[in-house]
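Trainee: Sequence unavailable; structure follows:
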C-alpha cells in the first residue's frame with residue numbers, strides 16, 4: 001500500500017505537474033493573443049485616423065483587461081509551479097526518509113554494522129543557531145566576553161569591522177574571534193573514534209579540546225576540516241571546546257583568493273560544527289563514478305584491520321537493485337576499488353533525476369562493523385571538440401547562473417531553505433546549470449541540486 005502511495009505521488013508530481021503547467025501557459029497565451037493581436041491587426045489595416053480611433057475605442061478597454069489577465073495568469077502559473085515543486089519535494093523527502101529508515105532497520109536486522117553517529121555542537125544554519133561564548137579582539141563590541149550565535153559571521157552579529165574586498169590592506173579589519181563551548185560526551189562513544197568537524201570557518205582556525213591542541217591550524221574558509229579528538233575527551237563528563245579564528249589569514253595565497261574579491265569579507269564560524277562517532281574499523285571516505293552504461297567504480301578508503309566491503313544498491317522505493325557486490329580489501333593499501341556492471345540503470349538527467357542509494361558495509365574478521373549510505377545517479381558527461389557537451393549521449397545546451405553562498409542578513413551563513421529557494425528560482429527560469437564562483441557551497445545546496453534537476457555544478 002505504501003508503495004502504491006509513493007507511485008501515485010511520483011506519477012502525480014511528474015506528469016500532472018507538467019500538464020497543469022502547460023494548461024496554464026496555454027490559457028495565458030490565449031489571453032495575450034486575444035487582447036493584443038486583434039487591435040494591432042485592425043490598426044494595420046486601417047486607412048484613416050477615424051478607423052484607428054474606432055478601433056482604439058472598441059478594443060482598448062477589453063484589451064487592457066485581458067492584458068492584465070495575461071500577467072495575472074502568468075504570475076499564478078509561476079506560483080502554482082513553485083508550490084507544486086515544493087510540495088513534491090516535501091513528499092519526496094518524507095517518503096525517502098521513511099523508506100531510508102525502513103531499509104536501514106531491515107538491513108540492521110541481518111547485520112550489526114554501526115552507522116556514523118553525528119551530534120551538532122552548533123546550529124545547522126542561519127535559521128537554527130546555538131549560543132557560544134565569544135570574545136572579539138578589535139572593532140565593534142570588542143574586548144569583552146559575551147555570546148554569539150553559531151554558525152554566523154561576527155560582523156552581522158555586531159562585532160569586529162566591516163570590510164569590502166577592494167579595501168586597502170591598511171584599512172582591513174584583522175581582528176580575531178575567540179570561541180568557547182562546553183559539551184558532554186555520551187559514555188556510549190567511549191570505544192569509538194570521535195572526530196570534530198568544522199564545515200566552514202573564516203579563515204585561519206586553531207582548535208583546542210580541554211586545553212589541548214587538536215592539530216595544526218586550518219587555513220582557508222570554504223572547505224570542511226576535521227580532527228580526531230578521541231584521546232582528548234572525557235567521556236560522560238563536561239568537555240571544553242575552544243576555537244580561535246583569525247579573519248585575516250597568515251597564508252598569502254588564501255588572502256589573495258578569499259580576502260580580495262568583489263564581495264563583502266567576513267570572519268567567524270559560519271557553517272555548522274558537529275561531532276561524529278565511528279567504529280575503530282571504519283570507512284573514512286568514498287569516491288564514486290557511476291556511468292550511463294552501468295559501469296560502476298568506487299574507491300573506498302578504510303581504517304583499521306578489515307576483510308571486505310559489500311555494496312548493495314537500492315531503488316527509490318527501497319527495494320534492492322541487483323545483487324550485492326563483494327570485494328576483498330586490499331592488503332597493501334587502505335584503498336579498495338569496488339567495481340561492477342549494473343544492468344539497465346535508470347539514468348540521472350536534468351529532466352529525470354533518478355537516484356539510487358548505495359550502501360557500503362565494511363567487514364572485519366567476518367563481522368560487519370561499519371555501514372555508510374550515499375545517494376548516487378548514473379550518468380555520463382562528454383565534451384566533444386568543436387561540437388558541445390553531451391549528457392548520456394544527448395547534446396545539451398547549458399543555461400545557468402553564477403551563484404555565491406550569501407544572504408543579506410546573515411552573510412555567508414545560509415540554510416537548506418535558502419538553497420531550495422535558489423534552485424527553484426533557477427528552475428523557474430528554465431536553467432540547468434549553476435557555477436559556484438570558485439569555492440565549495442553548503443552540502444545542502446548540492447543535495448537540492450541532485451534532487452531538483454540541476455545538471456551541471458561547477459566550482460570554477
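Mentor: Now that the structure is in, tell me what you want to look at. Please read all numbers here as calculations on a predicted model, not as lab measurements. Residues are numbered from 1 along each chain as shown.
Trainee: Quick one: the strands in the stretch 251-400 of the chain, in order.
Mentor: 264-265, 273-278, 282-290, 295-303, 308-314, 320-328, 335-341, 356-364, 367-376, 381-384, 388-391, 394-396, 400-402 (DSSP state E, counting those that start in this stretch).
Trainee: Can you lay out those as TSV showing distance to residue 219, mean neighbour count and mean pLDDT?
Mentor: The way it works is simple: take the backbone N, C-alpha and C, and place the C-beta from them, glycine included. Below are the strands of the stretch 251-400 of the chain laid out as TSV (distance: least, Cβ to Cβ, whole Å; neighbours: other Cβ atoms under 10 Å; pLDDT from 0 to 100):
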stretch	distance to residue 219	mean neighbour count	mean pLDDT
strand 264-265	15	20	92
strand 273-278	17	21	97
strand 282-290	21	17	96
strand 295-303	23	18	97
strand 308-314	34	20	97
strand 320-328	36	14	96
strand 335-341	27	15	97
strand 356-364	32	22	97
strand 367-376	29	18	96
strand 381-384	32	11	94
strand 388-391	35	16	93
strand 394-396	38	13	93
strand 400-402	25	13	90
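Trainee: Could you name the stretch from these that's closest to residue 216?
Mentor: strand 273-278 (17.8 Å; Cβ to Cβ).
Trainee: sorry, back to before: ok, which of the strands of the stretch 251-400 of the chain comes nearest residue 232?
Mentor: With distances scored as Cβ to Cβ, the stretch of the strands of the stretch 251-400 of the chain nearest to residue 232 is strand 273-278 (12.0 Å).
Trainee: Turn the strands of the stretch 251-400 of the chain into JSON lines, including distance to residue 222.
Mentor: Output for those, formatted as JSON lines (distance: least, Cβ to Cβ, whole Å):
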{"stretch": "strand 264-265", "distance to residue 222": "13"}
{"stretch": "strand 273-278", "distance to residue 222": "15"}
{"stretch": "strand 282-290", "distance to residue 222": "19"}
{"stretch": "strand 295-303", "distance to residue 222": "22"}
{"stretch": "strand 308-314", "distance to residue 222": "31"}
{"stretch": "strand 320-328", "distance to residue 222": "34"}
{"stretch": "strand 335-341", "distance to residue 222": "26"}
{"stretch": "strand 356-364", "distance to residue 222": "26"}
{"stretch": "strand 367-376", "distance to residue 222": "22"}
{"stretch": "strand 381-384", "distance to residue 222": "24"}
{"stretch": "strand 388-391", "distance to residue 222": "26"}
{"stretch": "strand 394-396", "distance to residue 222": "28"}
{"stretch": "strand 400-402", "distance to residue 222": "16"}
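Trainee: Relative to residue 168, which of those strands is closest?
Mentor: Minimum separation from residue 168 across the strands of the stretch 251-400 of the chain (Cβ to Cβ) falls at strand 264-265, 13.1 Å.
Trainee: Got the domain ranges for this structure?
Mentor: 2-107, 118-278, 281-376, 397-458 (automatic domain parsing).
Trainee: what's the closest of those domains to residue 388?
Mentor: Per Cβ to Cβ, nearest to residue 388 of those: domain 397-458, 7.7 Å.
Trainee: how distant is the closest one from the center of its chain?
Mentor: Offset of domain 397-458 from its chain centre (Cα atoms, centre = their mean, to the nearest Å): 8 Å.
Trainee: Repeat that for stretch 344-354.
Mentor: Counting by Cα atoms, centre = their mean, stretch 344-354 is centred 19 Å from the centre of its parent chain.
Trainee: List the buried residues for it?
Mentor: For stretch 344-354, burial by neighbour count (16 or more other Cβ atoms under 10 Å) applies to 345, 347, 348, 349, 350, 353.
Trainee: hang on, the earlier thing: out of the strands of the stretch 251-400 of the chain, flag the one nearest residue 238.
Mentor: Across these, residue 238 has its closest neighbour in strand 273-278 (14.0 Å, Cβ to Cβ).
Trainee: Provide a list of residues in contact with the residue lying closest to residue 433 once chain neighbours are set aside.
Mentor: Nearest residue to residue 433, sequence neighbours excluded (Cβ to Cβ, 6 or more residues apart in numbering): residue 400, at 3.0 Å. Going by Cβ atoms under 8 Å, 6 or more residues apart in numbering, residue 400 touches 426, 431, 432, 433, 434, 435, 456.
Trainee: What's the separation between residue 400 and residue 450?
Mentor: Going from residue 400 to residue 450 by Cβ to Cβ, to the nearest Å gives 16 Å.
Trainee: same question, residue 159
Mentor: The spacing between residue 159 and residue 450, counted by Cβ to Cβ, is 36 Å.
Trainee: Looking at these two now, which is surrounded by more residues?
Mentor: Legend: neighbour count by other Cβ atoms under 10 Å for residue 159 and residue 450, higher for residue 159 (24 against 16).
Trainee: quick one: buried residues of stretch 241-256?
Mentor: 241, 242, 243, 244, 245, 246, 247, 248, 249, 254, 255.
Trainee: For the fourth one, give me the pLDDT.
Mentor: Looking back up the chat, that one is residue 244. pLDDT for residue 244: 98.
Trainee: Given the host helix or strand of it, what are its sheet partners and their directions?
Mentor: Using DSSP states H and E, residue 244 sits within strand 238-246. Applying DSSP bridges, strand 238-246 is found paired with strand 176-184 (antiparallel), strand 204-209 (antiparallel).
Trainee: Tell me which of those sits nearest to residue 394.
Mentor: Smallest distance to residue 394 across the strands paired with strand 238-246 (Cβ to Cβ): 44.3 Å, for strand 204-209.
Trainee: Need the contact partners of the closest one.
Mentor: So strand 204-209 is contacted by 196, 198, 213-215, 217-219, 225, 227, 229, 232-233, 239-246, 249-251, 254, 269 (Cβ under 8 Å, 6+ apart).
Trainee: go on, stretch 365-373?
Mentor: Here stretch 365-373 makes contact (Cβ under 8 Å, 6+ apart) with 100, 104, 107, 111-116, 278-279, 281-283, 286, 305-307, 310, 357-363.
Trainee: start to end distance for stretch 201-214?
Mentor: 16 Å (Cα to Cα, to the nearest Å).
Trainee: Any idea how far that stretch is from the middle of the chain?
Mentor: Mean-position distance between stretch 201-214 and its chain equals 26 Å (Cα atoms, centre = their mean).
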